[in-house]
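**Q** when you get a sec, could you give me coordinates for this:
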Amino acid sequence: MIHNTLKQIRSALGHSQEQMAGLLGVSRPTYADIEKGKGDVTVSSLKRLAEKTGISINSLLSGEEMVVESQNQEALKKYKKMLLFMLNCGADNDRMITKTKLAKLLYLADFAWFYRHLSSMSGLTYRRIKYGPVPDQYFRAIEELIDENQITMRTGDAHMISPVEKNPPTLGLSKDEQALIKQICKKWKGKNTADIVEFTHGQLPWKLCKENELIPYELIVQEDPEYVY
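**A** Sure thing, here's the model as predicted:
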């Protein structure tokens, strides 16, 4: 049933009912009724959801999102491992890094891995938002890692993130993946957030996509090797 599929998608994306209502183009109360099986979803709303999430209408109607949810959960787990390793390698000497810079380093790792292997490191989908490419699950990953006491975040003019453990966890990351993350961190060590934002905004994945649009990984293969990260 479509209401179960929508619940699964919302869980996989880590969205609230209000956020899902926005993707469908309906009010939150209307969406809540749909999840309860008390309301219908229009074809136009499904098309809107498909465009925003990259999930086909056929998948939405067939209930294949049970598989998608499982895949997204595994991808989120991998992404959190990447985040912890990146945080330990990429933080400044005070073991802190801005939330925005950390997101950009993770984006560079995913797209650089695709450049070399034609598959992303995490398996997540990135979106073009105001401050750069980021998967919807980034914010969920941050919140979960804080709850799990693996990272801390200090708020202020810039959200500063630091790892709880001093040694970067390597479980779940191959030696090649670790090596690439270290290379990226070495290049951007000591650089400020504005520098990396400017760099990522100069790449084709950012330039060729519109605001809030999903970013095809394939766009990165058109970059010159020295401009991948």
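**Q** going by C-alpha atoms from here, please, whenever you check contacts or count neighbours.
**A** Fine.
**Q** give me the domain ranges for this protein.
**A** 2-63, 72-227 (automatic domain parsing).
**Q** per-stretch mean pLDDT over the ones you listed, give me the minimum one.
**A** Per-stretch mean pLDDT for the domains of the chain is lowest at domain 2-63 (a mean of 84).
**Q** which residue comes closest to the residue positioned nearest the centre of the chain once chain neighbours are left out?
**A** Residue closest to the average C-alpha location in the chain (C-alpha atoms, centre = their mean): P135, at 1.9 Å. Distance criterion C-alpha to C-alpha, 6 or more residues apart in numbering; nearest residue to P135, sequence neighbours excluded, is Y126 at 4.1 Å.
**Q** neighbours of the nearest residue to M96 once chain neighbours are set aside, how many?
**A** Distances taken as C-alpha to C-alpha, 6+ apart put S162 closest to M96, at 4.6 Å, once the chain neighbours are dropped. Per other C-alpha atoms under 10 Å, the neighbour tally for S162 reads 22.
**Q** a strand runs through S162, doesn't it?
**A** Yes. Under DSSP: H, G, I helix; E, B strand; the rest coil, S162 sits within a strand.
**Q** that one contacts N149, doesn't it?
**A** No. Using C-alpha atoms under 8 Å, S162 is not in contact with N149; the gap is 10.9 Å.
**Q** what ranges does the protein have for its helices?
**A** 2-13, 17-24, 28-35, 43-53, 57-62, 65-90, 99-117, 137-147, 175-188, 193-201, 204-207 (DSSP state H).
**Q** I'd like those laid out as a markdown table, including mean neighbour count and distance to M153.
**A** Formatted as a markdown table, the helices of the chain follow (neighbours: other C-alpha atoms under 10 Å; distance: least, C-alpha to C-alpha, whole Å):
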| stretch | mean neighbour count | distance to M153 |
| --- | --- | --- |
| helix 2-13 | 19 | 22 |
| helix 17-24 | 19 | 24 |
| helix 28-35 | 17 | 30 |
| helix 43-53 | 16 | 28 |
| helix 57-62 | 14 | 36 |
| helix 65-90 | 20 | 12 |
| helix 99-117 | 21 | 8 |
| helix 137-147 | 17 | 8 |
| helix 175-188 | 16 | 20 |
| helix 193-201 | 15 | 16 |
| helix 204-207 | 19 | 27 |
